[in-house]
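K.L.:
below is the structure, and that's it, no one-letter string:
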């Protein structure tokens, strides 16, 4: 059963207000490229496929609560690696 437009709108509003999926994944993309890592690398760490990472980085999809936590941890670790490499 597919979601109706109203259901999708309500789900989007709830996610927006809860902050789920509001992580700025453009930062992930910038750090990933700076460290010469692939979307496949990030996907393996988070436990998703490469296309999910691509959609997140381009703002086409929102992250779930679980993925938000994992991606935040990945970003934190990438920032640490970027500092150490300079």
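P.N.:
It's in. Since the structure is predicted, the reported quantities are computational estimates derived from the model, not experimental observations. Numbering: from 1, shown residues only.

K.L.:
from here on, contacts and neighbour counts on C-alpha atoms
P.N.:
Fine.

K.L.:
and the helices in this structure?
P.N.:
5-18, 25-34, 39-46, 50-57, 65-85 (DSSP state H).

K.L.:
now do the second one and helix 65-85, the angle between them.
P.N.:
Okay, so that is helix 25-34. 40 degrees (axes from the mean of the first three to the mean of the last three C-alpha atoms, to 10 degrees).

K.L.:
contacts for helix 25-34, please.
P.N.:
Residues from elsewhere that reach helix 25-34, judged by C-alpha atoms under 8 Å, 6 or more residues apart in numbering: 38-39, 56-59, 75, 78-79, 82.

K.L.:
now swap in the last one and tell me
P.N.:
Around helix 65-85, the neighbours that count as contacts under C-alpha under 8 Å, 6+ apart are 20-21, 23, 27-28, 31-32, 34-35, 42, 45-46.

K.L.:
can you pull the buried residues of that helix?
P.N.:
Residues 67-71, 74-75, 78-79 are the ones in helix 65-85 that count as buried (16 or more other C-alpha atoms under 10 Å).

K.L.:
ok, the fourth one next?
P.N.:
Going by neighbour count (16+ other C-alpha under 10 Å), the buried part of helix 50-57 is 52-54, 56-57.

K.L.:
between these, which is nearest residue 63?
P.N.:
Proximity of these to residue 63 (C-alpha to C-alpha) peaks at residue 56, which lies at 7.0 Å.

K.L.:
for residue 24, see how far away the closest one is.
P.N.:
To residue 24, residue 56 is 9 Å away according to C-alpha to C-alpha, to the nearest Å.

K.L.:
cool, and residue 66?
P.N.:
Per C-alpha to C-alpha, residue 66 is found 15 Å from residue 24.

K.L.:
before we move on, what about residue 74?
P.N.:
13 Å.

K.L.:
for residue 39, same thing?
P.N.:
16 Å.

K.L.:
and what of residue 79?
P.N.:
As judged by C-alpha to C-alpha, residue 79 and residue 24 stand 14 Å apart.

K.L.:
rebuild the helices of the chain as JSON lines, extending it with mean pLDDT.
P.N.:
Formatted as JSON lines, the helices of the chain follow (pLDDT from 0 to 100):
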{"stretch": "helix 5-18", "mean pLDDT": "57"}
{"stretch": "helix 25-34", "mean pLDDT": "87"}
{"stretch": "helix 39-46", "mean pLDDT": "91"}
{"stretch": "helix 50-57", "mean pLDDT": "94"}
{"stretch": "helix 65-85", "mean pLDDT": "86"}
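
K.L.:
that's all I had, so thanks and see you.
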